[in-house]
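> make a model of this:
(chains A, B, C and D)
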Number of protein chains: 4
Amino acid sequence: MISFKNDYSEGAHESILHALLDTNTEQMDGYGEDRLCIQATECLKDLFVNKSIDIHYFSGGTQTNLTAISAFLRPHEAVIAAETGHILVHETGAIEATGHKVIAVPTQTGKISAQQIEAVMIAHEDEHMVLPKLVYVSNSTETGTIYTRKELDQIKLMCTKYNLYLYMDGARLGSAMTAADNDVNFEELTTLFDAFYIGATKNGALLGEALVICRDELKHYFRYHIKQKGALLAKGRLLGIQFLTLFKDALYFDLARHANAMASQLTSGIKSCGYDFLISSTTNQIFPILPNHVIDVLTEDFDFYVWSTIDQENSAIRLVTSWATPQGSVDDFIHRLNHLSQR
Amino acid sequence: MISFKNDYSEGAHESILHALLDTNTEQMDGYGEDRLCIQATECLKDLFVNKSIDIHYFSGGTQTNLTAISAFLRPHEAVIAAETGHILVHETGAIEATGHKVIAVPTQTGKISAQQIEAVMIAHEDEHMVLPKLVYVSNSTETGTIYTRKELDQIKLMCTKYNLYLYMDGARLGSAMTAADNDVNFEELTTLFDAFYIGATKNGALLGEALVICRDELKHYFRYHIKQKGALLAKGRLLGIQFLTLFKDALYFDLARHANAMASQLTSGIKSCGYDFLISSTTNQIFPILPNHVIDVLTEDFDFYVWSTIDQENSAIRLVTSWATPQGSVDDFIHRLNHLSQR
Amino acid sequence: MISFKNDYSEGAHESILHALLDTNTEQMDGYGEDRLCIQATECLKDLFVNKSIDIHYFSGGTQTNLTAISAFLRPHEAVIAAETGHILVHETGAIEATGHKVIAVPTQTGKISAQQIEAVMIAHEDEHMVLPKLVYVSNSTETGTIYTRKELDQIKLMCTKYNLYLYMDGARLGSAMTAADNDVNFEELTTLFDAFYIGATKNGALLGEALVICRDELKHYFRYHIKQKGALLAKGRLLGIQFLTLFKDALYFDLARHANAMASQLTSGIKSCGYDFLISSTTNQIFPILPNHVIDVLTEDFDFYVWSTIDQENSAIRLVTSWATPQGSVDDFIHRLNHLSQR
Amino acid sequence: MISFKNDYSEGAHESILHALLDTNTEQMDGYGEDRLCIQATECLKDLFVNKSIDIHYFSGGTQTNLTAISAFLRPHEAVIAAETGHILVHETGAIEATGHKVIAVPTQTGKISAQQIEAVMIAHEDEHMVLPKLVYVSNSTETGTIYTRKELDQIKLMCTKYNLYLYMDGARLGSAMTAADNDVNFEELTTLFDAFYIGATKNGALLGEALVICRDELKHYFRYHIKQKGALLAKGRLLGIQFLTLFKDALYFDLARHANAMASQLTSGIKSCGYDFLISSTTNQIFPILPNHVIDVLTEDFDFYVWSTIDQENSAIRLVTSWATPQGSVDDFIHRLNHLSQR
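Numbers count the residues shown, from 1 in each chain, chains lettered A, B, ... in the order given. Okay, the predicted model is just below:
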């Protein structure tokens, strides 16, 4: 059985495991104050050409989102997010559990637009309603799409107009940054966003997300919030060494490029079999529409989610590739699909 | 520089790292539903000779405490804890952040007594005060002491009398269970406590605490709370493999025994130099009282916390040993202290 | 200036003020344990022919909703409500501030259907999403409509099927119960709902909502929650005396009937001028569609909200009548509108 | 039966009830934006000779405390309070329910000292502990004592040194301000405190506390918090008219003076019977120590709380007088005690 269910089915890139072995017996300070975290942070600051950012390491995306957002907002403030946003759908109300409403904006693409943000601001007029204060975007989105530089610039302008924080969930940031049609520069992220996180759990690490705080007013006392939310690892070195390994020689981008390439091959192969897609994606999540009887046979050998019903005879499925997807798995899938389609 | 600052200064026992390497490319389900977590849980259920318990894996102690306690309590309910309890002192108000008051009980030993619990219950008489509902004990405590079976039995009786949950923070449970004077059986824990956690971060793991829920009414929907608090690791296998490695051949207890033995040697050595202790401990945390000038010289070669001021010329320090403490480090310390004491 | 802005523009029915004067110097117990609260509760239990319900008095609707819902739910549980629901729109995220997500269901009528509830339950499939646990309905709704007995029976069935609590926001319950087309019996409410509140602030009281808890499991320790949320009035007698005055001789229903009658006269008058309505209402909130130039002139003498834009030349306005609306105010409005319409 | 149990046993000063009747049918805006609230606020600003303060009206003390403190603090920040503080003891964990720890400071007098505040600040050293940010004092305290101007000045200095907010719970502020030995000027309160509330529920109102916010940074968006916590009364006029009535001709101080005078007479009478007091109080709460057999007989005619056990034969009781305490009740009590003491 080959799994295309998600991008966290394997362990870590082996260079990470070797780095763990190499440093294992060295005694280090706890709670992210070790030399590995410090080096990882220096490395990222160099990449962003920005020494004034703060970087904090987390164990997962929900944890990062809830700690950051609850630290940034006052009790009466709310989040604006696309209705497909991970915090709205698949984090078990984690943001609301910290006291904040998340305002859903309808979307077909997984993206939110500057105009939609403005509409929300206009609709929230007085103290009988929450005050929207933070715009949450995912990049790549939960449906595999990416934001263009122009879209982000427009959103940024709107955030400035209404004094909103702009926050990016980068669980799949590597895939977004290395997508063929991406025009957003990694280095620009610290000027575009007030805060965002670089996801590594889905791109080569055992676990790990690096929250980058760019706006000064959001930096104060942040470590208190990490600790209070149970997110401050005693052995923070485990997170530091992974980000150091992933970024010191750009391994992070190589891994993401591989995942995208595997998805791209799947896309081409599926298209050449004559099938269409629910949504156009250049990242590591793709959503082909296949006949149900084809899907049934594919599930004998491949693991994936059936995403949505298209009509009585067809469904969209989700295929996710990762840094660890072997070329052979992609070839097998296309081969099998070719075979099924010719019958 | 040799560090006796804490028991999380090193990485993981090397058998854990090798297990990670061995299973690294195997595709597994996410979120703790992988075969490694399942095997670890079966292994622990066998050790407890109790198939009805639920086990959930976490990344750290604060995270475990806040997720469990907030899941167990209704909004008007509160926790009773010794004033030295980790949740009261060193978790940045994590329990209060989930909405629950923690009632502090004075202690000299780090332990709470059945009588103190009863006094709290009597003092909380009506709806103008919170309703105490959960008793939190640490074992070993934050000052290195352990509970006797008799003390726990008395506490358990009081909890039954007042319909209180009994919860144990086992961040250093290994050290407690293997202490020379411990008379509490590991197997009995699931009948003594309504819930408790087995700490591994401080006993050989990179990170990991296993929450054991024994009382049926506390089990329902618990995974929702793990997810909501940001504690559900995508690659839960990382936690499963560590507990499997630590418990399948009792490595967990061997490591704890080593830490205790190293502390015991330090204790003997320090006593033979003529020094007294702030508190009597048979676990891996000891609190010798030394002259300040001796402490000053020791800090040149050893790293540790100065715990409290005894008088103008003496202070108590905290020395913590771990599964990874080399015999040589202990020998060096005693040798150095001997030398300093003879001057 | 005559105000049709809302139903809380005046003080209280004068019989309430006289009752306050009559009992003013009598010393009574605090916190709702006075004889007036006790009598009011007995009176309501008699009306419901149900001795097993618990009744608690509050100062306002938002306070009642947030105290009840946060007391009823565990942290991972969520509320289902129509997108127009007061808790979703106009309570500044009060429910989310207690940690719970409110799931919005689209509606044209202000009402939610049993089918929509089932759709939400099916969509929430596992621990990565919140667990919907309480259905919130308003009756009358925020747009003046009322639920039929059949609709409520279907909702009740669905709640039973999915183990959901059924809760009614009765801020305008009087108006609903006395509407011409209402077929829900006041006495039946305690069997239809797990909990609901009887709003008096908008029907003759200075302030006051009576929460009725019908389901046994929701009753325990409820006074702790009232106190914790700051809702337990020292002089609870102020709430007791108002409910006693309103219900001992059915004044509550007389006042609501008056408000409905005034709204009904407005509706007839506006219709006879040839205007249509945004939504059909038989309660004390009506939503006529008028030409903007007519609205502009009306605002010289009458105060009301412009509710929504219909097209370039017409808007819907909201007119609200109350127990205190004088016949003359209604006559004046219709007279003025007649005059404007003939020009 | 005459009650000395508390100062909220009666209704309101009759001038308040008459003011309600006089304005009852006037249509006013809701939510505290009516002319009565505006006039009350102007009146208070004049009394404080301070136009820059913000004033908000609440229904009770717990509600005021929880709304203000949760609005002022970020999630990692905590409150410092005397262990006898109302928020620590008798508000059912209301502050913790909003996510904030309350740090208890031991006290014999109900008061907290500047030195104690400094000790707390020194003990809270890093992100593993909460950050103390607000000092809560009650004046008069829960045991009837009052702060001297010098004590408050020292506390203020310490708050400035450590960047702490200084907040006063003024549930019994009237009694404190009019106590014979008070040397704090009412007008000075807006410069001494960052925020405080003027309690009226216990001094002549049906219900009502006026929160005064003096520090600019605490003012922003405060009405959102009032609404979110369910504290924004639809008919805010009910609160405005009471504060207007109490302050426009200094009735508030007259009523408090009466309560103090009644308590003072009780104190003299009890002393002349040869009894001592648990604590020295010049406000409306006194704590005489009486033989248990005397207490038993007194309870036949008088209602009060037995406060604490002194020894096997004696207990301290609490007697509370109010604006409404008749001279006759005081005379009766002293007469009865005299009689009992002569036997």
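> tell me who's in contact with residue A:214.
A:50, A:52, A:53, A:190, A:191, A:193, A:194, A:195, A:196 (Cβ atoms under 8 Å, 6 or more residues apart in numbering or on different chains). Just so you know, the C-beta spots here come from the backbone N, C-alpha and C atoms, and that holds for glycine as well.
> for residue D:90, state which of the residues you listed is nearest.
residue A:195 (40.2 Å; Cβ to Cβ).
> which pLDDT value goes with the nearest residue to the closest one once chain neighbours are set aside?
Closest residue to residue A:195 in three dimensions, ignoring its sequence neighbours and counting by Cβ to Cβ, 6 or more residues apart in numbering or on different chains: residue A:213, at 4.7 Å. Residue A:213 carries a pLDDT value of 98.
> all helices of the stretch 101-250 of chain A, in order?
For the stretch 101-250 of chain A, the helices defined by DSSP state H, counting those that start in this stretch occupy A:114-123, A:149-161, A:173-177, A:189-192, A:222-228, A:237-247.
> turn these into TSV, including distance to chain C and mean pLDDT.
Output for the helices of the stretch 101-250 of chain A, formatted as TSV (distance: least, Cβ to the nearest Cβ, whole Å; pLDDT from 0 to 100):
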stretch	distance to chain C	mean pLDDT
helix A:114-123	9	98
helix A:149-161	20	98
helix A:173-177	21	98
helix A:189-192	27	98
helix A:222-228	15	98
helix A:237-247	23	98
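> of all those helices, which one is nearest residue A:257?
helix A:173-177 (8.4 Å).
> out of the helices of the stretch 101-250 of chain A, which comes closest to chain B?
Among those, the nearest to chain B by Cβ to the nearest Cβ is helix A:222-228 (4.0 Å).
> residue of the stretch 1-150 of chain A closest to chain D, please.
residue A:76 (3.6 Å).
> which residue sits closest to that residue, ignoring its sequence neighbours?
Here the residue nearest residue A:76, using Cβ to Cβ, 6+ apart, is residue D:224, at 3.6 Å.
> follow-up on the earlier one: run a quick neighbour tally on the residue nearest to residue A:195.
25 (other Cβ atoms under 10 Å in any protein chain shown).
> residues contacting it?
A:53, A:54, A:55, A:56, A:68, A:194, A:195, A:219, A:222.
> before we move on, what about residue A:86?
A:61, A:62, A:65, A:138, A:142, A:169, A:171.
> out of the residues you listed, which are inside strands?
A:138, A:169 (DSSP state E).
> contacting residues around the longest helix seen in chain A?
The longest helix of chain A (DSSP state H) is helix A:251-272. Helix A:251-272 is touched from outside by A:7, A:13, A:15, A:174-175, A:177-180, A:186, A:198, A:200, A:203-204, A:245-246, A:277, A:281-286, A:288, A:319-323, A:325, A:327, A:329-330, A:333-334, A:337-338, with contacts defined as Cβ under 8 Å, 6+ apart.
> what angle separates that helix from helix A:237-247?
70 degrees (axes from the mean of the first three to the mean of the last three Cα atoms, to 10 degrees).
> next SSE downstream of helix A:251-272?
strand A:285-286 (DSSP states H and E).
> who's in contact with the residue of the stretch 1-150 of chain A found nearest chain B?
Using Cβ to the nearest Cβ, the single residue of the stretch 1-150 of chain A nearest to chain B is residue A:63, 3.0 Å away. Shown in contact with residue A:63 (Cβ under 8 Å, 6+ apart): A:209, A:229, A:231, B:229, B:230, B:231.
> ok, residue A:167 next?
Contacts of residue A:167 (Cβ under 8 Å, 6+ apart): A:68, A:69, A:72, A:134, A:135, A:136, A:137, A:193, A:194, A:195, A:196.
> mark which of those are buried, thanks.
For the contacts of residue A:167, a burial check counting by 16 or more other Cβ atoms under 10 Å in any protein chain shown picks out A:68, A:69, A:72, A:134, A:135, A:136, A:137, A:193, A:194, A:195, A:196.
> which pair in these spans the largest distance?
A:72 and A:137 (14.7 Å).
> domain map for chain A?
Following automatic domain parsing, one gets these domains for chain A: A:2-6+A:252-342, A:14-250.
> tell me which of the ones you listed sits most buried.
domain A:14-250 (a mean of 21; mean count of other Cβ atoms under 10 Å in any protein chain shown).
> wait, residue A:145 touches residue A:279, no?
Yes - using Cβ atoms under 8 Å, residue A:145 makes contact with residue A:279 at a distance of 6.6 Å.
> what do these two both touch?
Shared contacts of residue A:145 and residue A:279, counting by Cβ under 8 Å, 6+ apart, come down to A:109, A:110.
> give me the distance between residue A:41 and residue D:62.
Counting by Cβ to Cβ, to the nearest Å, the gap from residue A:41 to residue D:62 is 44 Å.
> again with residue A:121
To residue D:62, residue A:121 is 34 Å away according to Cβ to Cβ.
> for residue A:249, same thing?
Taking Cβ to Cβ as the measure, residue A:249 falls 58 Å from residue D:62.
> cool, and residue A:16?
Distance from residue A:16 to residue D:62, by Cβ to Cβ: 52 Å.
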